[in-house]
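> Here you go, sequence then predicted model.
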Amino acid sequence: MAATKQAGEARVVSSDAESLILVDEHDRELGILSKGECHDGDGLLHRAFSVFLFDEKGRLLIQQRAAGKRLWPGYWANSCCSHPRAGEDMAEATQRRIEEELGLRVELEFIYKFRYQARYSEEGSEHELCWVHLGRIRSSQPRPNPSEIADWKFLSASEIDTLMTTPDAPVAPWFRMEWTTLRTRHAERLAAYQVNLD
């Protein structure tokens, strides 16, 4: 696979200054705040999304977060995750970010949303009301933005399970939570993407 990997253009596409959407536990909008402030300390609850993209063999595209990331640098995560910005709806935000990070255009299916909070040392926290989506990569190969993504690969469900259960594996906490929920509560939707959970 290494011979076929191609990087996209290294572009800065996010910053701590961008305005995110503060929400309550029912996902009702409360206002806006900078990304940096949303992630300070224990974090303030804000809207986010997480995308799982599968190839025609049912393998999941995972990414290793770039070393310059404030939270969980170098950790493995699902295909794409980020936040809608102030004034942006979820469809706009997911398509923008998939294109910025992976150089792809993909149709998405919303599956569920959940609230979580996770601390990363003294650097800050994620505290998010996160919308989880599935999608299929139909033809083009990812061209990841090296400013955001250090490495990437496709893994089968069994390979993801192994990664999740490997002691000390650097896996982002939201990826662990979401994969467990998708496996246990949404197996029928994964099957629609040719994901083999046996």
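Noted; the coordinates are in hand.
> alpha carbons only for contacts and neighbour counts from here, please
Will do.
> pLDDT below threshold where in the protein?
Applying pLDDT under 70 to the chain picks out residues 1-10, 12-13.
> Going along the chain, name the helices of it.
All helices of the chain, identified by DSSP state H, fall at 35-39, 90-102, 157-165, 173-185, 187-191.
> and the last one, which residues are buried?
For helix 187-191, burial by neighbour count (16 or more other Cα atoms under 10 Å) applies to Leu190.
> swap in the fourth one?
Burial within helix 173-185, assessed by neighbour count using 16+ other Cα under 10 Å, is assigned to 173-176, 178-179, 182-183.
> chain center to it: distance?
Centroid separation for helix 173-185 versus its chain: 12 Å, with Cα atoms, centre = their mean, to the nearest Å.
> Mind listing residues that contact that helix?
With Cα atoms under 8 Å, 6 or more residues apart in numbering as the test, helix 173-185 has contacts from 77-78, 116, 118, 132, 164, 190, 197.
> Pairing partners for the residue most central in space within the chain in the sheet, please.
For the chain, Cys81 is the residue whose C-alpha lies nearest the centre (Cα atoms, centre = their mean; 2.4 Å). Legend: beta-bridge partners of Cys81 under DSSP bridges are Ser50.
> same thing with Phe110?
His133.
> That one contacts Val132, correct?
Yes - under the criterion of Cα atoms under 8 Å, Phe110 makes contact with Val132 at 6.1 Å.
> Between these two, tell me which one has more neighbours.
Under the criterion of other Cα atoms under 10 Å, the comparison of Phe110 against Val132 puts Val132 first, with 20 against 15.
> which ones are touching the closest residue to the more buried one other than its chain neighbours?
Nearest residue to Val132, sequence neighbours excluded (Cα to Cα, 6 or more residues apart in numbering): Ser50, at 4.8 Å. Ser50 sits next to 78-82, 130-133 when contact means Cα under 8 Å, 6+ apart.
> Closest to His39 out of those residues?
For those, the closest approach to His39 (Cα to Cα) belongs to Ser82, at 12.5 Å.
> residues contacting that closest one?
Ser82 neighbours (Cα under 8 Å, 6+ apart): 48-50, 94, 97.
> Could you work out the most separated pair of the contacts of helix 173-185?
Ala118 and Leu197 (27.2 Å).
> circling back to that earlier point, return the member of the buried residues of helix 173-185 nearest to Leu30.
Trp174 (23.2 Å).
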